[in-house]
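# I need the structure of the sequence given here:
(one chain, ligands or ions: 1)
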Amino acid sequence: MNIQIINGPNLNLLGVREKSIYGDSSFEDYLVALRKRYANITINYYQSNVEGEIINKLHEVGFSSDGIVINAGAYTHTSVAISDAIAGIKTPVIEVHISNVYKREEFRHKSLLATNCRGVIAGFGMDSYRLAVENFVNG
Ligand code: DQA
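Residues are numbered from 1 along each chain as shown. All right, here's what the predicted structure looks like:
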């Protein structure tokens, strides 16, 4: 099984950025633990701050991988183009957020992506990613 994790803008700053909201672990450190826990599957990771590059990645892996876990960061709330890319590929996509976006500013309550995703997981810290992977592993 092949799972692709895609992180969007500013998530390269995890562990540095707004630690009270996003915690103090970098994604790279978290990924080591996640890969150890799911040693029998392949977890690929991609991060970009650029909307078009995220779309290119979705096109690249969206017909071959078994599942995509995406945290599109702020693009979640704004990007028709990423939503269309998710709609256009074959691989199921799960939207994740580290923070509970529904406890935060109102502009974070709306996801343009969710309608084209299998489901949404938000508010469990980094564990949101594991919960998404677990869903794909359980089929
Ligand atoms: C986020 C929530 C978004 O509203 C925000 O823009 C992010 C991170 C999260 O993981 O909680 O960059 O997607």
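# Up against the ligand, what does the chain have?
Contact residues, the chain versus the ligand (Cβ under 6 Å from any ligand atom): Asn10, Asn71, Gly73, Ala74, Thr76, His97, Ile98, Ser99, Val101, Arg108. For the C-beta atoms, the positions are set from N, CA and C on the backbone; glycine is no exception.
# residues in contact with the second one?
With contacts defined as Cβ atoms under 8 Å, 6 or more residues apart in numbering, Asn71 is in contact with Ile6, Asn7, Gly8, Leu11, Glu95, Val96, His97, Ile98, Ser128, Tyr129.
# What pairs with the one helix or strand Ile6 maps to, parallel or antiparallel?
Secondary structure assignment for Ile6, by DSSP states H and E: strand 2-7. With DSSP bridges as the test, strand 2-7 is paired with strand 42-47 (parallel), strand 67-71 (parallel).
# Now the lowest-mean-pLDDT helix or strand in the chain - C-alpha only, CSV.
Every helix and strand in the chain was compared by mean pLDDT, DSSP states H and E; the lowest is helix 19-22, with a mean of 94. Provided in CSV are the C-alpha atoms of helix 19-22 (Å, rounded to 0.1, in the frame of the first residue of the first chain):
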residue,chain,number,x,y,z
LYS,A,19,3.5,26.4,18.6
SER,A,20,0.5,27.0,20.9
ILE,A,21,-1.7,26.0,18.0
TYR,A,22,0.4,23.5,16.0
